[in-house]
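Q: Below are the sequence and a predicted model for it; my questions follow.
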Amino acid sequence: MGGLLNNFWKEIPDGAFALAPMEDVSDTVFRELILSVSDPGKLNLLFTEFTSTDGLCHPQGYKAVAHRLKVNQSELDIIREQNVKLIVQIWGNDPEKFFKAAKTISEEYQFDGIDVNMGCPVNKVVRQNSCSALIGQPSLALEIIKATIEGSGMPVSVKTRTGIKEHQTQIWIETLLESGLSAITLHARTRKMMSLFPAEWQQVRIAATVIQSLKPDVKLIGNGDVLSYQQGLELAASTGANAIMVGRGIFANPWFFADDRERDVPEKLDLLKRHITLFCLTWANTRNFGILKRFFKIYIHGFQGAVALRAKLMETNNPEEALSVIKDFELSLGNAD
């Protein structure tokens, strides 16, 4: 598919990093927040939450999923300033709906590329014959990728796993390379492994070997258990992956893509307040405040009083209450000094 317009994947440098698509996590607010505290050039690729093609193709369903495609102007400004690429991830099992959804995305949005989810291992999704279930249906998987490329005219990538019950990395990667895709993100686990077992990065090395021998222009992004920027660089170098995707590692440190100095308490609290405020400005009452609670531990850990503060924050019911709890804690720090 060399005729694709604006195939940014060709310019992505080796050693690039991506922030993973994560359900109820990687919305425009969180993406902007992480990018805003990252050193320029260290975070190169952002992905949306994964969005249903059934929803995108349904008049009523579209309204229910459209928030997943929202991009704040403030996020877009940083993306453009730092030359970061923003990719929308979609999922489903019907090639015709992938075609229609891809066409809508290309005509109505400003994403740089489309990623097809062939990796989510969650039972309710797999039972719909979608995501990692597609590893067992190579013909359908190829139809879906080709339909997405034809519908959008955009560069298309796939995020997937090494197999269903056991690793079948070589044959699965060989199959995907028949489709005309531009990049593959390989989570170094099978569907059966979920996230319960350590990622097996030798499978990424196998994928890199296959790609180099068959389609060296296709980019490979390795994913799984990357806990530091330096570790990611080392894994890329040792496996032959072109880039590294970070998922749960961001929950241990929102400054993952910046220098590795320890952040002090005021910095952590300031970033949390920014997150709460931007969430409120972006979503008002259209998204449940409870979604924010999964983020509290990112900021509130590793300092005296963190456990008690986090417990109080978990009891709050709206942004105003949460900000008030943080302010009281900040005042107590001032009194202690």
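A: Nice, I can see it. Numbers count the residues shown, from 1 in each chain.
Q: any weak-confidence spans in the stretch 151-300 of the chain?
A: By pLDDT under 70, the stretch 151-300 of the chain contains no weakly predicted segment.
Q: where do the helices sit along it?
A: For the stretch 151-300 of the chain, applying DSSP state H, counting those that start in this stretch gives helices covering 169-176, 202-214, 229-239, 249-252, 265-283, 296-299.
Q: can you give me the strands for this structure?
A: Along the chain, counting by DSSP state E, strands occupy 16-19, 45-52, 85-91, 113-118, 156-161, 183-187, 219-223, 243-246.
Q: any chance of the ones you listed in TSV, plus distance to residue 252 and mean neighbour count?
A: Where C-beta positions appear, they are placed from N, C-alpha and C, glycine not excepted. As requested, the strands of the chain are exported to TSV (distance: least, Cβ to Cβ, whole Å; neighbours: other Cβ atoms under 10 Å):
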stretch	distance to residue 252	mean neighbour count
strand 16-19	14	24
strand 45-52	19	24
strand 85-91	23	24
strand 113-118	24	26
strand 156-161	21	27
strand 183-187	18	28
strand 219-223	16	25
strand 243-246	10	24
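Q: How many residues are close by residue 124?
A: 8 (other Cβ atoms under 10 Å).
Q: what's near enough to touch residue 284?
A: Residue 284 makes no contacts at all, as judged by Cβ atoms under 8 Å, 6 or more residues apart in numbering.
Q: Tabulate the strands of the chain (TSV), appending distance to residue 309.
A: Output for the strands of the chain, formatted as TSV (distance: least, Cβ to Cβ, whole Å):
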stretch	distance to residue 309
strand 16-19	26
strand 45-52	28
strand 85-91	33
strand 113-118	36
strand 156-161	35
strand 183-187	34
strand 219-223	32
strand 243-246	26
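Q: How is the chain divided into domains?
A: 8-252, 265-336 (automatic domain parsing).
Q: among the ones you listed, which is the most enclosed?
A: Greatest average neighbour count among the domains of the chain goes to domain 8-252 (a mean of 19), per mean count of other Cβ atoms under 10 Å.
Q: distance between the ends of it?
A: End-to-end distance of domain 8-252 (Cα to Cα, to the nearest Å): 30 Å.
Q: What's opposite residue 118 in the beta bridge?
A: Using DSSP bridges, the beta-bridge partners of residue 118 come out as residue 160.
Q: wait, it sits on residue 132?
A: Yes - using Cβ atoms under 8 Å, residue 118 is in contact with residue 132, at 6.5 Å.
Q: joint contacts of the two?
A: Joint contacts of residue 118 and residue 132 (Cβ under 8 Å, 6+ apart) are 160, 161.
Q: ok, the closest residue in space to residue 222 that isn't next to it in sequence to residue 205 distance?
A: Spatial nearest neighbour of residue 222, chain neighbours left out: residue 241 (3.8 Å); criterion: Cβ to Cβ, 6 or more residues apart in numbering. In this structure, residue 241 and residue 205 are 8 Å apart, going by Cβ to Cβ, to the nearest Å.
Q: Repeat that for residue 123.
A: 30 Å.
Q: Could I get the contacting residues of the nearest residue in space to residue 36 that is not next to it in sequence?
A: Leaving aside its sequence neighbours, residue 36 sits nearest to residue 78 (Cβ to Cβ, 6+ apart; 6.1 Å). Contact partners of residue 78, counting by Cβ under 8 Å, 6+ apart, are 32, 35, 36, 84.
Q: 7 Å - rerun?
A: Contacts for residue 78 (Cβ atoms under 7 Å, 6 or more residues apart in numbering) come out as 32, 35, 36.
Q: Please report how far it lies from residue 43.
A: 10 Å.
Q: Check residue 211 too.
A: Taking Cβ to Cβ, one finds residue 211 at 23 Å from residue 43.
Q: What of residue 243?
A: For residue 243 relative to residue 43 (Cβ to Cβ), the value is 11 Å.
Q: Distance-wise, check residue 243 relative to residue 14.
A: 7 Å.
Q: now do residue 182
A: With Cβ to Cβ as the criterion, residue 182 and residue 14 are 15 Å apart.
Q: And residue 159, by the same measure?
A: 19 Å.
Q: and what of residue 93?
A: Taken as Cβ to Cβ, the span from residue 93 to residue 14 is 34 Å.
Q: sorry, back to before: closest to residue 52 among the contacts of residue 78?
A: The shortest approach to residue 52 among the contacts of residue 78 belongs to residue 32, at 23.5 Å (Cβ to Cβ).
Q: Go ahead and confirm the closest one touches residue 74.
A: Yes - at 6.0 Å, residue 32 and residue 74 qualify as touching, with contact defined as Cβ atoms under 7 Å.
Q: any weak-confidence spans in the stretch 1-150 of the chain?
A: For the stretch 1-150 of the chain, the ranges with pLDDT under 70 are 1-5.
Q: mind redoing it with 80?
A: 1-6 (pLDDT under 80).
Q: So which residues of it form helices?
A: Secondary structure of the stretch 1-150 of the chain (DSSP H, counting those that start in this stretch): helices at 28-36, 53-56, 59-65, 73-82, 95-108, 123-126, 138-152.
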